[in-house]
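Novice: quick check, what structure comes out for this input:
(chains A, B, C and D)
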Amino acid sequence: MTIEVIVSKDPFDAGLLLSEFTKTADQAGGIVSFSGQVRPKANQEDVSALVLQSYEPMTTEGIRARAVDAQKRWPLDQILIRHRIGLISTGETIVFVATASAHRRAAFEAADFLMDYLKTEAVFWKKEVTESGEHWIEPRKEDYQDGERWNVD
Amino acid sequence: MTIEVIVSKDPFDAGLLLSEFTKTADQAGGIVSFSGQVRPKANQEDVSALVLQSYEPMTTEGIRARAVDAQKRWPLDQILIRHRIGLISTGETIVFVATASAHRRAAFEAADFLMDYLKTEAVFWKKEVTESGEHWIEPRKEDYQDGERWNVD
Amino acid sequence: MLELLYFGKLGDVTGKTSEQIELPPSVPDLNSLRQWIDERFEADGIFLEPTVRIAVDNEIKSNDFKISNAREIAFLPPVGGG
Amino acid sequence: MLELLYFGKLGDVTGKTSEQIELPPSVPDLNSLRQWIDERFEADGIFLEPTVRIAVDNEIKSNDFKISNAREIAFLPPVGGG
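Specialist: As a prediction, the model looks like this:
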């Protein structure tokens, strides 16, 4: 079982990541991937880019902890998570998750579980760049509801 | 909305298919892919290859009908399904499914839904090539239970 | 002239995946075709199993279907098996 | 010398994403730090919001945490938002 988490400014090609992941996972049977692109529209406005901030090592460690959690819940052979930060233009891939398992349903559920974390709990702040200026994206109500999601010691 | 279904003897690289799919789907937001490899073990025996038969156009039309069904159930922008037939060696990719949607959950559920069909109902006959000879894979009990899955006129 | 197709394990039973054949007048429908083929290949009833479906010119047909104008008849054992 | 980090919209409020600073003795814990920073930037209470968490040397700490040996303190507005 290998877990790889990369948070970086470097652009990447989801297909290339999947090719590499497939090469090392070819005993697995099934591989599920999710890739997310920056959408050109938000609230009727044209978005030209997103700007993402992370806070390292908290961001990467939080993602890794979720991957370890996934590994405990499902029989997984391999997990890759790659997330961009910095300036990301419309149409570019911002996140890539791949899971490999002998059990198809496990690969699907684990990828979905990881994406849930990346979308709502992962330590990223997101700013939309539009024609009318730049706007920090506020968490949705659902994201607030379980406000005590971070462990405080 | 585009649906592409290809059943062919030609080997393919899942990553390359995902790269191409991502290029045409970059308005979508989220892309889920599933790729299945031929596993080297089945029932304790080493498998060196699978041999798949299809019956065209029934096989491709059946897959396409399922994709149209998925498109009715979920808001999808694009579906690609590619399946190999003929001789497929261990470790090679036998099936690739990709779905694109503005809604992450829709992309996940549709890919899972399509894989369910491809694994249990799609018109393929599968033979395992092992050291002790070649064995046609019998449907599992679950596959039999809804035996009247084909429409008879 | 009719083309018969044998898929999956049925090809092992018949020793071929297809053949060109002229059906005798004693075989007017799919029911009698199943019995005739099963006897021809000494197939021990495998062609009589209801899980073996029959497609005539690419459409699944029931056992009482009259063959008359068929060009291609395919014997389809159960699919699935992951 | 202490490094303060302002993430997300907090960087817009302060006009910077980080700064090196010497805290006055009147700011011994995170509670008083929130108030001091909020007044310094005339931030209208945004630094007092409980949804803004504070990490000291990369660990989230509660408001009564004593700052004394901290090297880096980060103000973290809520994450999420799809």
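Novice: quick one: low-confidence residue ranges for chain C.
Specialist: Where chain C drops to pLDDT under 70, the residues are C:82.
Novice: can you pull out the helices in it?
Specialist: C:9-14, C:30-40 (DSSP state H).
Novice: surely residue A:80 forms part of a helix?
Specialist: No. Residue A:80 sits outside any helix when classified using DSSP: H, G, I helix; E, B strand; the rest coil, being strand.
Novice: now chain A against chain C: closest residue?
Specialist: residue A:104 (8.9 Å; Cβ to the nearest Cβ). C-beta here means a position set from N, CA and C on the backbone, and glycine is covered the same way.
Novice: would you map the strands across chain C?
Specialist: In chain C, the strands defined using DSSP state E lie at C:2-6, C:18-21, C:53-56, C:59-61, C:72-76.
Novice: mind giving me the packing neighbours of the second one?
Specialist: Contact partners of strand C:18-21 among helices and strands, from 3 or more Cβ pairs under 8 Å, 6 or more residues apart in numbering or on different chains; DSSP states H and E: strand C:2-6.
Novice: show me what contacts residue A:37?
Specialist: Applying Cβ atoms under 8 Å, 6 or more residues apart in numbering or on different chains, we find residue A:37 in contact with A:91, A:92, A:93, A:94, B:22, B:25, B:26, B:27, B:28, B:29, B:30, B:31.
Novice: for the third one, list each beta-bridge partner.
Specialist: Assessed by DSSP bridges, residue A:93 has beta-bridge partners residue A:37.
Novice: next, count neighbours for it.
Specialist: For residue A:93, the neighbour count with other Cβ atoms under 10 Å in any protein chain shown is 22.
Novice: please name the nearest non-neighbouring residue to residue A:13.
Specialist: residue B:19 (5.9 Å; Cβ to Cβ, 6 or more residues apart in numbering or on different chains).
Novice: sorry, slip of the keys, the one I care about is residue C:55.
Specialist: Nearest non-adjacent residue to residue C:55, counting by Cβ to Cβ, 6+ apart: residue C:74, 4.4 Å away.
Novice: now residue A:86
Specialist: Using Cβ to Cβ, 6+ apart, the closest residue to residue A:86 is residue A:9 (4.0 Å).
Novice: try residue C:81
Specialist: Of all residues not flanking residue C:81 in the chain, residue B:137 sits nearest, at 3.9 Å (Cβ to Cβ, 6+ apart).
Novice: contact partners for the one you found?
Specialist: Listed by Cβ under 8 Å, 6+ apart, the contact set of residue B:137 reads B:126, B:127, B:128, C:81, C:82.
Novice: check contacts around residue C:42.
Specialist: Per Cβ under 8 Å, 6+ apart, neighbours of residue C:42: none.
Novice: distance-wise, check it relative to residue C:20.
Specialist: 21 Å (Cβ to Cβ, to the nearest Å).
Novice: coming back round to it: what about the residue nearest to residue A:13, which SS state?
Specialist: Using three-state DSSP, the structure places residue B:19 in helix.
Novice: quick check: phi and psi on the closest residue to residue A:104 other than its chain neighbours?
Specialist: Spatial nearest neighbour of residue A:104, excluding adjacent residues (Cβ to Cβ, 6+ apart): residue A:30 at 4.4 Å. Here is the backbone geometry of residue A:30 (degrees, to the nearest 10): phi -130, psi 140.
Novice: and what of the one 4 residues further on?
Specialist: With angles defined as degrees, to the nearest 10, residue A:34 sits at phi -130, psi 130.
Novice: now do the one 4 residues further on
Specialist: Recorded main-chain torsions at residue A:38 are phi -70, psi 120, according to degrees, to the nearest 10.
Novice: and chain C, which residues reach chain B?
Specialist: Contact residues, chain C versus chain B (Cβ under 8 Å from any Cβ of the partner chain): C:5, C:7-9, C:12, C:17, C:50-51, C:53, C:55, C:58-62, C:74, C:76-82.
Novice: try it again with 7 Å
Specialist: Residues of chain C lying close to chain B (Cβ under 7 Å from any Cβ of the partner chain) are C:7-9, C:51, C:53, C:55, C:58-62, C:74, C:76-82.
Novice: restricted to buried residues, select these in ChimeraX.
Specialist: Per 16 or more other Cβ atoms under 10 Å in any protein chain shown, the buried members of the residues of chain C next to chain B correspond to this ChimeraX selection:
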select /C:7,8,9,53,55,60,61,74,76,77,78,79,80,81
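Novice: mind checking how far the residue sitting furthest away from the middle of chain A is from chain B?
Specialist: Distance to the chain centre peaks in chain A at residue A:132, reaching 27.5 Å (criterion: Cα atoms, centre = their mean). According to Cβ to the nearest Cβ, to the nearest Å, residue A:132 stands 21 Å off from chain B.
Novice: list the buried residues in stretch A:25-39.
Specialist: For stretch A:25-39, burial by neighbour count (16+ other Cβ under 10 Å) applies to A:25-26, A:28-39.
Novice: closest to residue A:14 among those residues?
Specialist: Nearest to residue A:14 among these is residue A:35, at 3.8 Å by Cβ to Cβ.
Novice: how far away is that closest one from chain D?
Specialist: 15 Å.
Novice: and that residue, what does it touch?
Specialist: With contacts defined as Cβ atoms under 7 Å, 6 or more residues apart in numbering or on different chains, the neighbours of residue A:35 are A:14, A:93, A:95, A:96, B:22, B:31.
Novice: now, these that are in strands?
Specialist: A:93, A:95, A:96, B:31.
Novice: which two among the residues you listed are spaced furthest apart?
Specialist: Once Cβ to Cβ is applied, the ones in strands among the contacts of residue A:35 give A:95 and B:31 as the farthest pair, at 10.7 Å.
Novice: for residue A:3, state which of the contacts of residue B:137 is nearest.
Specialist: For the contacts of residue B:137, the minimum distance to residue A:3 (Cβ to Cβ) is 27.3 Å, reached by residue C:82.
Novice: point out where chain A drops to low pLDDT.
Specialist: Per-residue confidence for chain A (pLDDT under 70) gives these ranges: A:26, A:43, A:141-153.
Novice: which residues of it fall in strands?
Specialist: Using DSSP E, the strands assigned to chain A run over residues A:2-8, A:30-37, A:41-42, A:45-54, A:78-84, A:86-89, A:93-101, A:124-130, A:133-136.
Novice: possible to save the ones you listed as CSV with distance to residue B:73?
Specialist: Listed next are the strands of chain A as CSV, based on distance: least, Cβ to Cβ, whole Å:
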stretch, distance to residue B:73
strand A:2-8, 33
strand A:30-37, 19
strand A:41-42, 24
strand A:45-54, 28
strand A:78-84, 28
strand A:86-89, 31
strand A:93-101, 23
strand A:124-130, 30
strand A:133-136, 34
